[in-house]
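Colleague: Mind folding the following:
(chains A and B)
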Amino acid sequence: MSYIKRTDVPAADGEHVVELDTGALVATSCTRERVATGVAFRAKARAIGPDGAEVQDAMGRAVVTELSHVAPVTVVEAETADAIARDCLLAVLGEPVTRPWADVLLSSVSIRVSLAAAPISGPVNAGAVL
Amino acid sequence: MTIIAQELRYRIAAAEPGAWTVDRIRAGQPIELRDVRRGVTYDIEVRNIDHTGRMSAPAVLQHTVGSTAREGALALPVNAVANRASVWNVDTSVTYSATDSVATVSVSAGTLVMGGANISYGASSASVAGDPETKKIVYLYYDDPQLRGGSLDLGVTEDYITSLSGDGRIAITTLEIDFPAVGAPPVTGGGGIGGGGGGGGAKSPAAEQNPI
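Modeller: Numbers count the residues shown, from 1 in each chain, chains lettered A, B, ... in the order given. As a prediction, this is how the structure comes out:
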């Protein structure tokens, strides 16, 4: 798994576009906010086309994944905010991460998994498959 | 001609009305207006859509949302009669992986079931600081007063009362984290919480239930 940064694809403010090794384009972003228990890192990956338009699944829903990770300030100071944000971004891109997140979490927030499932979503033509 | 769906569109009725909200509902399903405000009158149009995609002329009506209509948690069905008020569905899990100083808690995507209502939440996680060779009990929750679900920040507290004091605080579960000795391999734990949490609350330290 790998990705390259792309600067020639339009995206929304605060987003950065990367191209996955599958050829898929993803607009990704991460915000940090102080919350009651520390700092909330909120990463988002949004599948887009070459023109910046959102990619939809077979049911017409945008292919988007999000992850929220909350860390106490002591942990943020020890690991650095950028390192945690990078890990959150890698998680939503479906790239290897350093944090020991559960496989079930990584699978559900991975844009790669959502993109793979997107064309399969929707009703099945029972007559054709039986 | 077979009716396969209805197209519903509605907007606030006013001298200069705003944009329509459009929704498509499968035939046979109840037609509901979402995110409306109490005491406000709406213009509503409903069209039938047949299997070829053709749409009928609209049925036009107005509806005023009752000023006493309940919303949020108050609108939930009252199902707690000889039953749990709410539980997490069986595929929901909470796990952790702890080093000698930090535990990473992972909450899977999950669905909170309350009678006939299902609210889906995205996966979330949190770091919890600790000391080597100690155990820590934490209470996990989401803050979701409107019960909208989605991707939310995971709340973590060591205080049971904090985990349930707040409007719309959704209890997830109680987790006992075991921090290993310095240099020891990471400790993992946790598991499925299906059938627990939710309105049942995180488990009280005084109760007979043990944390996962």
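
Colleague: What parts of chain B come near chain A?
Modeller: By the rule Cβ under 8 Å from any Cβ of the partner chain, the part of chain B lying against chain A is B:93, B:95, B:97, B:101-102, B:104, B:106-109, B:122-129, B:150-157, B:186, B:188. For the C-beta atoms, the positions are set from N, CA and C on the backbone; glycine is no exception.

Colleague: Among the residues you listed, which lie within strands?
Modeller: Counting by DSSP state E, the residues of chain B next to chain A place B:93, B:95, B:97, B:102, B:104, B:106-107, B:124-129, B:155-157, B:188 in strands.

Colleague: Among those residues, the buried ones, what's the ChimeraX command?
Modeller: Buried residues within these, by 16 or more other Cβ atoms under 10 Å in any protein chain shown, are selected in ChimeraX with:
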select /B:93,95,97,102,104,106,107,124,125,126,127,128,129,155,156,157
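
Colleague: Enumerate the residues of chain A near chain B.
Modeller: A:35-38, A:40, A:42, A:66-72, A:74-75, A:78-79, A:99-102, A:104-105, A:108-109.

Colleague: Show the buried residues in those.
Modeller: A:37-38, A:40, A:42, A:66-72, A:75, A:79, A:99-102, A:104-105, A:108-109.

Colleague: Which ones among these lie within helices?
Modeller: Using DSSP state H, the subset of these located in helices is A:Val75, A:Glu79, A:Val104, A:Leu105, A:Ser108, A:Val109.

Colleague: Just put these in a markdown table and tack on pLDDT.
Modeller: Output for these, formatted as a markdown table (pLDDT from 0 to 100):
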| residue | pLDDT |
| --- | --- |
| A:Val75 | 95 |
| A:Glu79 | 95 |
| A:Val104 | 94 |
| A:Leu105 | 96 |
| A:Ser108 | 94 |
| A:Val109 | 96 |
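
Colleague: For the residue nearest to A:Ala85 when sequence neighbours are not counted, pull up the helix or strand it's in.
Modeller: Nearest-residue entry for A:Ala85: A:Cys30, 4.8 Å, with adjacent residues in sequence omitted and distances by Cβ to Cβ, 6 or more residues apart in numbering or on different chains. Using DSSP states H and E, A:Cys30 maps to strand A:25-35.

Colleague: Show the average pLDDT along that strand.
Modeller: Throughout strand A:25-35, pLDDT has a mean value of 96.

Colleague: Determine the longest helix present in chain A.
Modeller: helix A:81-93.

Colleague: relative to strand B:124-129, how tilted is it?
Modeller: 150 degrees (axes from the mean of the first three to the mean of the last three Cα atoms, to 10 degrees).

Colleague: which of the residues in helix A:81-93 are buried?
Modeller: Result for helix A:81-93 [16+ other Cβ under 10 Å]: buried residues A:Ile84, A:Ala85, A:Arg86, A:Asp87, A:Cys88, A:Leu89, A:Leu90, A:Ala91, A:Val92, A:Leu93.

Colleague: Please apply the same query to stretch A:101-121.
Modeller: A:101-102, A:104-112, A:114-115, A:118.

Colleague: cool, and stretch B:23-34?
Modeller: Across stretch B:23-34, burial judged by 16+ other Cβ under 10 Å covers no residue at all.

Colleague: how long is that stretch end to end?
Modeller: 9 Å (Cα to Cα, to the nearest Å).

Colleague: Report the mean confidence score over stretch A:114-130.
Modeller: 89.

Colleague: Endpoints of stretch B:16-31, how far apart?
Modeller: For stretch B:16-31, the end-to-end distance is 25 Å (Cα to Cα).

Colleague: do stretch A:118-130 as well
Modeller: 22 Å.

Colleague: now that stretch, how far from the centre of its chain.
Modeller: 26 Å (Cα atoms, centre = their mean, to the nearest Å).

Colleague: Domains in chain B, by residue range?
Modeller: B:3-69, B:87-200 (automatic domain parsing).

Colleague: Export those domains to JSON lines and append columns for distance to A:Ala58 and mean pLDDT.
Modeller: Output for the domains of chain B, formatted as JSON lines (distance: least, Cβ to Cβ, whole Å; pLDDT from 0 to 100):
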{"stretch": "domain B:3-69", "distance to A:Ala58": "15", "mean pLDDT": "87"}
{"stretch": "domain B:87-200", "distance to A:Ala58": "19", "mean pLDDT": "89"}
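
Colleague: CA atoms of the strand holding A:Cys30 as CSV?
Modeller: Output of strand A:25-35 as CSV, limited to C-alpha atoms (Å, rounded to 0.1, in the frame of the first residue of the first chain):
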residue,chain,number,x,y,z
LEU,A,25,-8.1,9.9,-5.6
VAL,A,26,-8.9,10.8,-2.0
ALA,A,27,-9.3,14.2,-0.4
THR,A,28,-8.2,14.0,3.2
SER,A,29,-8.2,16.3,6.1
CYS,A,30,-7.6,16.4,9.8
THR,A,31,-8.7,18.8,12.5
ARG,A,32,-7.6,19.1,16.1
GLU,A,33,-9.9,20.5,18.9
ARG,A,34,-9.5,20.8,22.6
VAL,A,35,-12.2,18.8,24.3
